[in-house]
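Peer 1: the sequence and its predicted three-dimensional model are supplied below.
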Amino acid sequence: MRRATWEDILRFFDSLHGTVLEGKLVLAGSSGLFGFKTAVQPYTEDVDLIIEEGLVRDKEEELLEVLSKAGFRHFPETATFLDAAGHAFDLISYSTESMEEAVGGGRLLRVMVFGDISRVIHQPDAVQRTPEGVVALSPAAFAVVKLMTVRETKSAKDKLQALGVIAEHGEDFAFRQRFLAMFSTFETDRREDALSDTYAAVLTLTEDPLYREGEISDYREYMDQISRGYETLQQWLEDRDAS
Amino acid sequence: MPHEPLTAQQRLESYRRARRKARHRRLVRQSSADMWRRWMRRPPILYCLQGEMAIHALEASKDAVVAALKDTAVFTLDTASELRWGIRLLRGDDVHAYLADSQLLNTLATERLISATPMPTKVIFPPHFASPRLVAVIVDDLPPSETTVEDYRVVEANRLVREFIGAVGLRADLVALLEDYLGREKVNP
């Protein structure tokens, strides 16, 4: 697989002009970091694109044809596509009808519906357009989705990326309001799970031998950012609970 | 592709397994009453990343080095714990200190309290028994400190716990012990 660049993503979105997919895909996952100005690194090869499950169900054939014309091969029963150059993307779905996880889509193109994304994507200011016209998660929505992401692997990366974005917006009142509004839509248990996992992710950095033995000067700035993001998040939540 | 992509059904199953594990972690957390909430308010501080770290072998007693730094250093980790409560929590007899001036190291070396050249290591707590060292971090501004009854400056109590977590990870036994000492201080300052 080949790591996608912003230029690759733009080329792909350009190829969707005038098709059933124009304006229907939202840049997300770690590749969502391409969607707004940030110094946080995506550390990913594939691109995640959010799509409404109903569209996949109703327009499956048309959608597969568009993506095939754009040069992408579909892996049957999956939501994964790969082009000849090795660029891959995954479709991840949300539902307008339910907040539960499920499998949906059509006969060939099966997608997983994520309840958490279904919840966030309907919130005001959850998505925005880049100057080039790509629809992407807003920074606040990105941070919430990453904090709430539950998966078997790479969970620490999700949390650390969220903290990095929060650190960059620590003084941004509008970001804070949007973030808290979206984060508050989750139940208390889920929020506490996310915070606990975030704390665990911060601790994993302290256990990284690189910081003890390696070139720590490179690490310092990163640790500062993560610590700042964590403390900002804690402060926001304490202030909200106190008010 | 390095791996076959997961089918939607496999993704869903993987997600459900991750949620089950998260619920298990939640149960463990909830059984610890409010301990985890206190811990989460104490994110780690990485002592060695606060400035330039310099580790020198001690050529005099630990007490002599600590005394020589009394007016200039802010002590932390085991040295702070010892100065504050008379206990050391970890193995070894190192001196842990923040210094605002690297020249102090030359002065200590001239006085034959520490080795003239730094040791080629960045390990704060070696996994083996080692000769006592001065583990100094040179900073532009000394961290917020408190003064012990014997007039040594040590990092603030909450920061001390955070620096221990940063140095050795979330060792529940150590954090509980530190909190116990902090609690006693509040009752009997």
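Peer 2: The structure has been received and is ready for your questions.

Peer 1: which residues in the chain form strands?
Peer 2: Going with chain A. Here chain A has its strands, by DSSP state E, at A:26-28, A:47-52, A:72-74, A:80-83, A:88-94, A:102-105, A:110-113, A:127-129, A:135-137.

Peer 1: let's do chain B instead
Peer 2: Counting by DSSP E, the strands of chain B are B:52-57, B:74-75, B:95-99, B:133-138, B:145-147, B:153-155.

Peer 1: would you format those strands as a markdown table with distance to chain A and mean pLDDT included?
Peer 2: For the C-beta atoms, the positions are set from N, CA and C on the backbone; glycine is no exception. Shown next, in a markdown table, are these (distance: least, C-beta to the nearest C-beta, whole Å; pLDDT from 0 to 100):
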| stretch | distance to chain A | mean pLDDT |
| --- | --- | --- |
| strand B:52-57 | 8 | 94 |
| strand B:74-75 | 19 | 98 |
| strand B:95-99 | 15 | 97 |
| strand B:133-138 | 11 | 96 |
| strand B:145-147 | 19 | 96 |
| strand B:153-155 | 16 | 97 |
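
Peer 1: ok, residue A:6 - contacts?
Peer 2: residue A:34 (C-beta atoms under 8 Å, 6 or more residues apart in numbering or on different chains).

Peer 1: can you list the weak-confidence ranges in chain B?
Peer 2: Residues of chain B meeting the criterion pLDDT under 70: B:1-2, B:186-189.

Peer 1: if we use 80, what do you get?
Peer 2: Scanning chain B for pLDDT under 80 picks out B:1-3, B:32-34, B:122, B:127-129, B:185-189.

Peer 1: distance between stretch A:137-151 and the chain's centre?
Peer 2: Relative to its parent chain, stretch A:137-151 has a centroid offset of 6 Å by C-alpha atoms, centre = their mean, to the nearest Å.

Peer 1: not counting its neighbours along the chain, what's nearest residue A:109?
Peer 2: The shortest distance from residue A:109 to any residue other than its chain neighbours is 5.2 Å, reached at residue A:60 (C-beta to C-beta, 6 or more residues apart in numbering or on different chains).

Peer 1: I should have written residue B:104 there, sorry.
Peer 2: residue B:72 (5.8 Å).

Peer 1: check whether stretch A:85-104 contacts chain B.
Peer 2: Yes. Residues of stretch A:85-104 contacting chain B under C-beta under 8 Å from any C-beta of the partner chain: A:88, A:90, A:101-104.

Peer 1: send the alpha carbons of that stretch over as CSV?
Peer 2: This file holds the C-alpha atoms of stretch A:85-104, laid out as CSV (Å, rounded to 0.1, in the frame of the first residue of the first chain):
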residue,chain,number,x,y,z
ALA,A,85,-0.6,2.9,-7.7
GLY,A,86,-1.3,1.3,-4.3
HIS,A,87,-3.5,4.0,-2.9
ALA,A,88,-6.3,2.5,-0.7
PHE,A,89,-9.4,3.9,0.9
ASP,A,90,-12.1,2.6,3.2
LEU,A,91,-15.7,3.6,3.2
ILE,A,92,-17.1,4.0,6.7
SER,A,93,-20.7,4.6,7.2
TYR,A,94,-23.2,6.5,9.3
SER,A,95,-26.9,6.1,9.5
THR,A,96,-29.6,8.7,9.5
GLU,A,97,-32.0,6.3,11.3
SER,A,98,-30.0,4.6,14.1
MET,A,99,-27.1,5.2,16.4
GLU,A,100,-26.2,1.5,16.6
GLU,A,101,-23.4,-0.3,15.0
ALA,A,102,-24.4,-2.6,12.1
VAL,A,103,-23.5,-3.9,8.7
GLY,A,104,-25.3,-2.3,5.8
